[in-house]
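> I need the structure of the sequence given here:
(one chain, ligands or ions: 1)
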Amino acid sequence: MAHIEFFYAPPGGIAGDEIRFPPDESKHIAVVLRHRVGDTVWAADGAGTAHEVTLVSVGRREVRGRILRSERGAGEPATAVTLAAGVLKGDRFDWLVEKAVELGVSRVAPFLSQGSAVGSPSSAKTERWRKIALAAMKQSGRCLMPEIEEAVQLETVIRRAANHELRVAAHAGPDCVSLRDAVRVVPSPVRRSFLVTGPEGGFFPGEIEALRRAGFAIVSLGPRRLRAETAALALLAQTFALTGE
Ligand code: SAM
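Got it, this is the predicted structure:
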């Protein structure tokens, strides 16, 4: 696929077939990439639609265009996947958010649990993750802005999984099944999946029991112990492969 970078133009800037890009997107289009009137670009509205746009006015403060055609769901998977992941040290969670968005995640739910090596992330850090998600949405050619939730405790995350057909928690421990076995017992097509991976310290026995009681399949990702961020992406990629794009 030719590299088409999507710009971001939220629905508030769209009236009829006219589209106005926000100031920072306008500066990127006009100054950094030096686009001209008459150029064609793509705009993702973050709400699930991408628009092919011809530029009609290019200024460093505002770029406007006319919508040529729109594509609902461009770059989006058919199944909605939530990834609940233990908050990680340093910038590892930044990397996890960016890769999860590229892979097609709909929502990232950071959580704290007994195995967490860090405390609750600041609101500034959550905002940074949201900016990373927006950039990854544009770069990967998606049109739905994945939701990055505020960090909560694992118990809260477990309660939010109730209305998902596929519920899976990855664990490097005994009494695990394969993801294939977990998917096999769920009616197809799977529309909503809820995946959970642990922090650096893993899950404690009581947490695994709570996950099982809440209907989660406890799944092994193989004999090797993966870093938390590797496990999250491996689980995501395998889930999309097994439940369909
Ligand atoms: N000492 C911890 C333990 O034994 O659980 C290591 C945790 S690991 C660094 C972080 C998370 O990655 C785990 O909680 C689990 O969700 C996931 N993980 C790592 N390797 C895995 C494997 N082979 N199978 C399933 N999950 C794995």
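> mind jotting down where the helices sit in this structure?
Here the chain has its helices, by DSSP state H, at 23-27, 92-103, 123-139, 154-159, 179-184, 205-213, 228-243.
> stretch 227-235 near the ligand anywhere?
Yes. Applying CB under 6 Å from any ligand atom, one finds stretch 227-235 in contact with the ligand at 227, 228, 231. Every residue, glycine included, has its C-beta placed from N, CA and C.
> and residue 75, how many neighbours?
Residues within reach of residue 75, counting by other CB atoms under 10 Å, total 18.
> show me how the record splits the chain into domains.
According to automatic domain parsing, the chain comprises the domains 6-72, 80-242.
> that older thread, selecting buried members of the residues of stretch 227-235 next to the ligand in PyMOL, what would you type?
Selecting the buried subset of the residues of stretch 227-235 next to the ligand in PyMOL, with 16 or more other CB atoms under 10 Å as the burial test, is done by:
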select buried, resi 228+231
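> with distance to residue 112 and pLDDT added, can I get the residues of stretch 227-235 next to the ligand in TSV?
Below are the residues of stretch 227-235 next to the ligand laid out as TSV (distance: CB to CB, whole Å; pLDDT from 0 to 100):
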residue	distance to residue 112	pLDDT
227	18	98
228	13	98
231	17	98
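> and which of the residues of stretch 227-235 next to the ligand is nearest residue 13?
Nearest to residue 13 among the residues of stretch 227-235 next to the ligand, counting by CB to CB, is residue 228 at 37.8 Å.
> ok, that closest one - contacts?
Neighbouring residues of residue 228 by CB atoms under 8 Å, 6 or more residues apart in numbering: 85, 86, 88, 92, 96, 197, 198, 199, 200.
> the same query, at a cut-off of 7 Å, please.
By CB atoms under 7 Å, 6 or more residues apart in numbering, residue 228 lies in contact with 86, 88, 197, 198, 199, 200.
> what's the answer for residue 81, then?
When contacts are counted by CB under 7 Å, 6+ apart, residue 81 touches 104, 105, 106, 193, 195, 236, 239.
> so which of the residues you listed is the closest to residue 54?
Closest to residue 54 out of the contacts of residue 81 is residue 104 (28.7 Å), distances taken as CB to CB.
> quick one: contacts for that closest one?
Counting by CB under 7 Å, 6+ apart, residue 104 makes contact with 77, 81, 240.
> got CSV for these, with distance to residue 23 and pLDDT too?
Converted to CSV, these look like this (distance: CB to CB, whole Å; pLDDT from 0 to 100):
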residue, distance to residue 23, pLDDT
77, 31, 95
81, 32, 98
240, 35, 96
